[in-house]
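K.L.:
no sequence on this one, just coordinates:
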């Protein structure tokens, strides 16, 4: 497909479990972003990759959250010891140009995480 | 701290009417202001965007008005249609960071 692909679309887990969420960006897009969207709220920035490196991870809420993009394409958001407050839709977006203000963000449909 | 403040939280408009959503920002380094449209179960999609070198940008029925001195910008949807019913987010980016800062969203309902 031509768009940003996120898997799984839905994930239900128990408190304390480990979760991985995957993002496959649009081919050729060098910038990749993770956002978290809680019900009734706007997307909240988590982390930004330029190529393989995390250029800005200031939005990660704590050290239970980690993201990688080892080959500069697919990215995985990893959440350890999940808590009920982690329940949200996790959105991935990619952009062709480096730098947030030079290109359109293309969002995936998100991964809905529910922590019981 | 909310970098971008958006209002109203919800809006109901009759078909054919004008929908107006407002946003305000504080960081004068922001230089790119997009509006995103989100339907239930979907990711946000870019609707229209503006840079501060112009005061207005129009694309079809959608217009952004930008007031640099007031640090405010708004989205106007002319001839609103039921298919426009969605959640709209304003955003801002620029300066030294690479983030997009999003508003809290406006749920628009257009009544036939």
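P.N.:
That came through fine. Values in this document were obtained by computation on a predicted structure and should not be read as measured data.
K.L.:
Closest to the centroid, which residue in chain A?
P.N.:
The residue lying closest to the centre of chain A (CA atoms, centre = their mean) is residue A:34, at 3.1 Å.
K.L.:
count of neighbours near the closest residue to that residue other than its chain neighbours?
P.N.:
Nearest-residue entry for residue A:34: residue A:46, 4.2 Å, with adjacent residues in sequence omitted and distances by CB to CB, 6 or more residues apart in numbering or on different chains. Every C-beta, even on glycine, is put in place using the N, C-alpha and C of the backbone. For residue A:46, the count of nearby residues is 22 (other CB atoms under 10 Å in any protein chain shown).
K.L.:
And the one 10 residues further on, by the same measure?
P.N.:
Around residue A:56 sit 18 other residues, with neighbours defined as other CB under 10 Å.
K.L.:
Specify the local secondary structure of the residue nearest to residue A:34.
P.N.:
Put simply, residue A:46 is strand when judged by DSSP: H, G, I helix; E, B strand; the rest coil.
K.L.:
so what's it up against?
P.N.:
By CB atoms under 8 Å, 6 or more residues apart in numbering or on different chains, the residues touching residue A:46 are A:33-36, A:57, A:59-61, A:65, A:67, A:77, A:90.
K.L.:
If any of those are buried, put those into a ChimeraX selection.
P.N.:
Buried members of those, defined by 16 or more other CB atoms under 10 Å in any protein chain shown, are picked up in ChimeraX with:
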select /A:33,34,35,36,57,59,60,65,67,77,90
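K.L.:
Make CSV from the contacts of residue A:46 and add secondary structure and distance to residue B:94 to it.
P.N.:
Converted to CSV, the contacts of residue A:46 look like this (DSSP: H, G, I helix; E, B strand; the rest coil; distance: CB to CB, whole Å):
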residue, secondary structure, distance to residue B:94
A:33, strand, 15
A:34, strand, 20
A:35, strand, 17
A:36, strand, 22
A:57, coil, 19
A:59, coil, 17
A:60, coil, 22
A:61, coil, 24
A:65, strand, 25
A:67, strand, 23
A:77, strand, 25
A:90, strand, 25
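K.L.:
Out of the contacts of residue A:46, the closest to residue B:111 would be?
P.N.:
Ranked by distance to residue B:111 (CB to CB), the contacts of residue A:46 are led by residue A:35 at 30.9 Å.
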